[in-house]
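Visitor: I'd like to go over a predicted model; first the sequence, then the structure.
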Amino acid sequence: VGASLFASNIGSGHFIGLAGSGAAAGIGAIAYEWNGMFMVLLLGWLFLPIYISSGVTTMPEYLQRRFGGRRTQLFIAVLSLSIPGMPCVPGGLAAVIYTDAAQTAIMLAGALTLMGFSFAEVGGWNALMQGYANAIPSVRVPNTTCGIPRDDAFHIFRDPVNSDLPWPGAIIGMSIPSMWYWCSDQVIVQRSLAAKTLTHAKGGSLLAAYLKVLPFFAIMLPGMISRILYTDEVACADPDLCKQICGNAVGCSDIAYAKLVMELLPAGLRGLMMAVMIAALMSSLTSIFNSSSTIFTMDLWKSFRSHASEWELMIVGRVFVLVLVLVSVLWIPVVQASQGGQLFIYIQSISTYLQPPVSIIFLMGCFWRRTNEKGAFWGLTVGLTVGCIRMLLDFIYPAPPCYEEDNRPVVLKYVHYLYFSVLLSFITLAVVVGVTSLQHSFHPVSHGLDPNPGPNAAMHAQTIALPPPCFTHGVVFSGPPGVSPSSYYCLSIIMTQANLCVTCPKNADPELCCCFMAKFNSTGV
């Protein structure tokens, strides 16, 4: 499980993008990787027990069980498919996980081998620090800073106002989309849900956290070394020259890792590294396509064909994977035209426009029991609308090259995308809390402590404060997961003078909720 988590995360985007970011701007981007170390532990110890006890197979399914209704589930399902493999087509998740484990070993062996060759060529750590500062291309645009290494290249926490990765954003702004990726993304969570036990899943999270240390040494530092060894190509600063070298006038830093492989390694090891990069690509694709297929069949297809057979779902899932392959190939030119010289940073910036609202919905759904379906739906709707507006502005007004003046709108020029991530999260949170507070409906929570409660389950039910439908004070007793419909208690108790009002929430499933009305006086019930 741990190897599959790591392999699903580390793809060709890392070998190309993370190494390219190291070559272009130093070690700052590694904050994304090390932030993930803590988030994957958060998955194992906080979120996963809730998901497992809920008995769900997809993340949209969890939202449907948590909030009731179908619109939030369908919303998340469509969104998950829009943010995205042949081995997935015949083999399913089991084949993907075992393949991921083998590919992890191949990736680590090849990447660590190249790291050793790179450090031997450059002369060690001190030579790396000195050489990087002097890795200035011979051809540059006059009277500009293009091609000059950053002064803070070896700093992770950078200036909060004028840097490319401000430190408050690195701590808070990165954590929010990272929480979505590691704690609620179907690609990642599905691997943990496949674990034999919760302890097994936690061990997988722990192993993945340890493995997340390695990209700094095995991917980013070799990318920086590539700039030192092949400065005029990797760090090219003249747009015409860059266009000749890599076809991108903005810069060629993304060729850093591939350049190192082709120029530094002997012929036999080049084949090994090509296998490594292909393994990384295949691992990412199989993970994404398999999880997307699961979401499409379980959350979308079954919504319209509730009596579909297992054979039908299997065929539909495989056909959908083939459709995703076609869409992915057609999307390549769009990414090439939009990534602006640093693929890794481009991917992360786009994620900050779409992922924070989803993170907030899952966070509130798991840990604030008053959150209802309307609050979740409208929070998600408003948050994604605001995020899509910012993303659209980014497409319309792309960041200019270093030799051009920045004339973008103020919201793009002065509000860093990591700060926007924080702002977007607060907007979503405010809408969720506001709409929830205005509503009196409450859907019973389908997660708890004991997945197999006994006959006295109601005595061990959890107590949650909640605005009642009858008065201004209330308590809900929500039974643990796995309770049969005949014994699932969903009670809202309001005591006011001589009345006890026990009612069933509006959104409660009648098959899962026994509702009672009673009155009492001072002499008894």
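Guide: Nice, I can see it.
Visitor: Nearest residue to residue 233 in space, ignoring adjacent ones along the chain?
Guide: Excluding its sequence neighbours, the residue lying closest to residue 233 (Cβ to Cβ, 6 or more residues apart in numbering) is residue 245, at 5.4 Å. The C-beta positions use only the backbone N, C-alpha and C, and glycine is treated the same way.
Visitor: Distance from the chain centre to the helix or strand where the one you found lies, please.
Guide: If you go by DSSP states H and E, residue 245 is part of helix 239-246. If you compare the mean C-alpha spot of helix 239-246 with that of the full chain, they lie 33 Å apart, counting by Cα atoms, centre = their mean, to the nearest Å.
Visitor: Could I get the full set of helices for the stretch 51-200 of the chain?
Guide: Taking DSSP state H, counting those that start in this stretch as the criterion, the stretch 51-200 of the chain carries its helices at 59-67, 71-82, 88-122, 125-133, 167-168, 175-183, 186-193, 198-211.
Visitor: Any idea which of those gets closest to residue 349?
Guide: The stretch from these with the least distance to residue 349 (Cβ to Cβ) is helix 175-183; that distance is 10.0 Å.
Visitor: Just the mean pLDDT for the closest one, thanks.
Guide: The average of the pLDDT scores along helix 175-183 is 92.
Visitor: do the same with stretch 240-255
Guide: 87.
Visitor: what's the first-to-last distance across that stretch?
Guide: 17 Å (Cα to Cα, to the nearest Å).
Visitor: circling back to that earlier point, could the helices of the stretch 51-200 of the chain go into CSV alongside distance to residue 361 and mean neighbour count?
Guide: Converted to CSV, the helices of the stretch 51-200 of the chain look like this (distance: least, Cβ to Cβ, whole Å; neighbours: other Cβ atoms under 10 Å):
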stretch, distance to residue 361, mean neighbour count
helix 59-67, 7, 25
helix 71-82, 8, 20
helix 88-122, 25, 18
helix 125-133, 42, 15
helix 167-168, 24, 16
helix 175-183, 9, 25
helix 186-193, 14, 25
helix 198-211, 22, 19
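Visitor: now those as a markdown table including distance to residue 218?
Guide: Formatted as a markdown table, the helices of the stretch 51-200 of the chain follow (distance: least, Cβ to Cβ, whole Å):
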| stretch | distance to residue 218 |
| --- | --- |
| helix 59-67 | 30 |
| helix 71-82 | 30 |
| helix 88-122 | 4 |
| helix 125-133 | 14 |
| helix 167-168 | 25 |
| helix 175-183 | 20 |
| helix 186-193 | 21 |
| helix 198-211 | 10 |
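Visitor: Out of those helices, which gets the lowest mean score?
Guide: Per-segment confidence across the helices of the stretch 51-200 of the chain bottoms out at helix 71-82, which has a mean of 59 in mean pLDDT.
Visitor: for the helices of the stretch 51-200 of the chain, which one sits closest to residue 369?
Guide: Shortest distance between residue 369 and these, using Cβ to Cβ, is found for helix 59-67: 9.6 Å.
Visitor: Tell me where the model's unsure across the protein.
Guide: 69-100, 279-280, 282-284, 286-287, 291, 299, 331-342, 440-525 (pLDDT under 70).
Visitor: Pop the domain breakdown of it in here.
Guide: 2-345, 442-525 (automatic domain parsing).
Visitor: In the protein, which residue is most central in space?
Guide: Per Cα atoms, centre = their mean, the C-alpha nearest to the average position across the chain is that of residue 181, at 1.6 Å.
Visitor: so what's the closest residue to it other than its chain neighbours up against?
Guide: Setting aside the residues directly before and after it, residue 181 is nearest to residue 188 in space (Cβ to Cβ, 6+ apart), at 6.5 Å. Going by Cβ atoms under 8 Å, 6 or more residues apart in numbering, residue 188 touches 5, 8, 9, 40, 43, 181, 182.
Visitor: Return the distance of the second one relative to residue 162.
Guide: The spacing between residue 8 and residue 162, counted by Cβ to Cβ, to the nearest Å, is 35 Å.
Visitor: The two: which has the busier surroundings?
Guide: In this comparison of residue 8 against residue 162, neighbours counted by other Cβ atoms under 10 Å, the higher total goes to residue 8 at 26 against 8.
Visitor: Helix, strand, or coil at that one?
Guide: Going by DSSP: H, G, I helix; E, B strand; the rest coil, the secondary structure assigned to residue 8 is helix.
Visitor: surely it meets residue 190?
Guide: No: judged on Cβ atoms under 8 Å, residue 8 makes no contact with residue 190 at a distance of 9.0 Å.
Visitor: The helix or strand containing residue 394 packs against which elements?
Guide: Using DSSP H and E, residue 394 sits within helix 373-396. Counting contacts by 3 or more Cβ pairs under 8 Å, 6 or more residues apart in numbering; DSSP states H and E, helix 373-396 packs against helix 59-67, helix 71-82, helix 343-367, helix 410-413, helix 417-438.
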